[in-house]
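Asker: mind folding the following:
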Amino acid sequence: MTRPEIEAFLSICRHKNISKAAEELYISQSSLSTRLKMLEDHLGCPLLLRGKGKREITLTTQGQAFYDLALQYQSIIEKMESVGKGEVVDQLRISVINSVGNYLMPPVFRRFTEKYPHIQLAVQDMEAEMACSSIIRGKTDIAFSTAKVQTDQIIATPFLDDPLTVLCSADSHYPDQVELDMLSVKNEVYVKWCVEHAYWHSVTFGSDIMPQIDLELMGQIALFLSKPDKWTMAPQSVADCLLADPNIRQCAPLFPAPNRTVYILRRRDNAESNTIHYFLDTLKEVLLEQNTKGLLL
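Answerer: Modelled structure (predicted):
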């Protein structure tokens, strides 16, 4: 088994096409096929499913297992080659949902990069299904999500139990403590913070009543809350950031509302990596300094 053979296999996996993989490696298709066959002969099993009429190449069960290992091999080789160049020799790839990435993580990222300048930090934004797929394929090391995903390959650890609170413009008529019947959906700036919140909202206000503003761009919350009598439900960690704006204030809800739980998703066989531990230690350190409510670490 040689490095060119492994690189040939990975290139085919990326492109799912023999001719495109050969072009990437600047070799003929026959040479590429020879490398793949030698690799399969060495392993004693087929890695790719070949069939007439198939537009894309797919992996066998053994091929998928070997693909994950080949990615790790490639990463190790790249790190070994970078040692003599004085370059970054490690990497941490994090997937963070929008609301956590925008409002909770900036000071954590800043502290982490200051403490560990030799670790490259790659930040991604993916929903749970895509993040889990990326973790399994070895493309992501750790993800933060509101979905609790527990599988044979993925482990989910609760990280933050974030209570929902009410925010409104500073000049709104709402009292400091609000009853549910004081809040009209017609004035709501709605954000789907998690499945539990969406379900609660549907049951409480009715699925047929639409909020005036339905936001996916969470960075625009402050803009829409600046108008009188507009209100929103937001996790406390988000509220703490938004309250830095003097035009926004908080009202304590006098009604039960769900908490938003944020989970840490990791591969079971990679849960103890040093880079992940470094990041989680930094995360805990920063959030404890900020007295973040609901911290479960």
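
Asker: from now on I want contacts and neighbour counts done on CA atoms only, so please keep to that.
Answerer: Will do.

Asker: quick one: contacts for residue 196?
Answerer: Contacts for residue 196 (CA atoms under 8 Å, 6 or more residues apart in numbering) come out as 258, 259, 260.

Asker: tell me what the second one is bridged to.
Answerer: By that I understand residue 259. Per DSSP bridges, residues listed as beta-bridge partners of residue 259: residue 163.

Asker: how about the contacts made by it?
Answerer: Residue 259 touches 161, 162, 163, 164, 196, 197, 235, counting by CA under 8 Å, 6+ apart.

Asker: from these, list the buried ones, please.
Answerer: 161, 162, 163, 164, 196, 197, 235 (16 or more other CA atoms under 10 Å).

Asker: just send those residues back as JSON lines, with pLDDT and distance to residue 141 too.
Answerer: Converted to JSON lines, the buried ones among the contacts of residue 259 look like this (pLDDT from 0 to 100; distance: CA to CA, whole Å):
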{"residue": "161", "pLDDT": "93", "distance to residue 141": "22"}
{"residue": "162", "pLDDT": "92", "distance to residue 141": "24"}
{"residue": "163", "pLDDT": "93", "distance to residue 141": "27"}
{"residue": "164", "pLDDT": "95", "distance to residue 141": "29"}
{"residue": "196", "pLDDT": "92", "distance to residue 141": "26"}
{"residue": "197", "pLDDT": "93", "distance to residue 141": "28"}
{"residue": "235", "pLDDT": "94", "distance to residue 141": "25"}
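
Asker: quick one: which of the residues you listed is nearest to residue 252?
Answerer: For these, the residue nearest residue 252 by CA to CA is residue 164; the value is 9.5 Å.

Asker: quick one: that closest one and residue 233 touch, right?
Answerer: Yes: applying CA atoms under 8 Å, one finds residue 164 in contact with residue 233, separated by 6.1 Å.

Asker: which stretches of the stretch 151-297 of the chain form helices?
Answerer: With DSSP state H, counting those that start in this stretch, the ranges of helices along the stretch 151-297 of the chain come out as 195-205, 221-225, 236-242, 274-289.

Asker: hey, C-alpha coordinates of the last one in CSV?
Answerer: It stands for helix 274-289. In CSV, the C-alpha atoms belonging to helix 274-289 read as follows (Å, rounded to 0.1, in the frame of the first residue of the first chain):
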residue,chain,number,x,y,z
ASN,A,274,-6.5,16.8,22.7
THR,A,275,-7.7,19.6,20.4
ILE,A,276,-11.3,19.0,21.4
HIS,A,277,-10.3,19.0,25.1
TYR,A,278,-8.4,22.3,24.7
PHE,A,279,-11.4,23.9,23.1
LEU,A,280,-13.9,22.7,25.6
ASP,A,281,-11.6,23.8,28.5
THR,A,282,-11.4,27.3,26.9
LEU,A,283,-15.2,27.3,26.4
LYS,A,284,-15.8,26.5,30.0
GLU,A,285,-13.3,29.1,31.2
VAL,A,286,-14.8,31.9,29.2
LEU,A,287,-18.4,31.2,30.0
LEU,A,288,-17.7,30.8,33.7
GLU,A,289,-16.0,34.2,33.6
